[in-house]
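> Quick one, fold the following:
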Amino acid sequence: MKQIAKDLLSIKAVELSPTKPFTWASGLKSPIYCDNRLTISYPEIRTRIAQGIAAQIKERYSGVAVIAGTATAGIPHAAWVAAELNLPLVYVRSKPKDHGQGRQVEGVLPTGAKTVVIDDLLSTGGSVLKAVTAAKTEGAQVIGVAGIFSYQLPQLDENFRNAGIPYTTITNYTELLDAAVEENYVTAEERAVLSDWRQDPQAWGARFKN
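Reported below is the predicted structural model:
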């Protein structure tokens, strides 16, 4: 949904910098920085996001019975999507609690329930796939993952393919670049530079190392 891409740009949930890259926590240099947590403060935008994810879930994940959100960024969006679909909600901690019953999944998750896990951002898929594993350990039948935005990195497809889990997002890097050119955030020439990053992030970032 290109409108969602435009929304993310308009509130600076996504920022693009083709000549002065951001450095991620992993050390990777990137021309894009994404903070979808900002979307929760914009009712109109978060509603569009929830409706968009809900529509994709209805289209692609037949028989879903539970919506699961990843802690912490996926929880609010999962809650709004669950409300849109009138489905139960659970959330998945990054690790089990170290007290009480030691739960990693909070809420009622019936054994065998067809579950869709929601995260706000898919980069390599590592963190959300850990949540998928945790939900499966608790007895869920995870039938897919849904999110707001994907960088479309090759490693993302590889990791989901290896996990045997489908994923979908309501917007992605290619669509974002199209929107950025249309809205004059970047030029067509800068778009070409930005597009190169997705194909080989390591090689792209190497040109900026001293």
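> Could you report the pLDDT at the spatially most central residue of the chain?
Central residue of the chain (C-alpha atoms, centre = their mean): residue 121, 2.3 Å from the mean position. Listed pLDDT for residue 121 reads 97.
> For residue 32, what are phi and psi?
Residue 32 adopts backbone torsions of phi -130, psi 140, taken as degrees, to the nearest 10.
> how close does the closest residue to it other than its chain neighbours get to residue 131?
In space, and not counting its chain neighbours, residue 32 is closest to residue 16: 5.6 Å by C-beta to C-beta, 6 or more residues apart in numbering. C-beta here means a position set from N, CA and C on the backbone, and glycine is covered the same way. Distance from residue 16 to residue 131, counting by C-beta to C-beta, to the nearest Å: 28 Å.
> Between these two, which is the more surrounded one?
Legend: neighbour count by other C-beta atoms under 10 Å for residue 16 and residue 131, higher for residue 131 (25 against 19).
> dump the residue contacts of the more buried one.
For residue 131, the contact set (C-beta atoms under 8 Å, 6 or more residues apart in numbering) comprises 68, 70, 74, 92, 94, 117, 119.
> now the first one, which residues is it bridged with?
When you say that, I think you mean residue 68. Beta-bridge partners for residue 68, by DSSP bridges, are residue 90, residue 117.
> Surely it is in contact with residue 113?
No. Applying C-beta atoms under 8 Å, one finds residue 68 not in contact with residue 113, separated by 9.6 Å.
> who touches both of the two?
Between them, residue 68 and residue 113 share these contacting residues under C-beta under 8 Å, 6+ apart: residue 140.
> for the chain, which spans come out with low pLDDT?
Applying pLDDT under 70 to the chain flags the ranges 97-102, 209-210.
> hmm, 90 instead?
For the chain, residues meeting the criterion pLDDT under 90 lie at 1, 19-20, 23-29, 94-103, 199-200, 202-210.
> residue ranges of the helices in it, please?
Using DSSP state H, the helices found in the chain span residues 2-10, 43-60, 74-85, 126-137, 154-163, 173-182, 188-199, 201-206.
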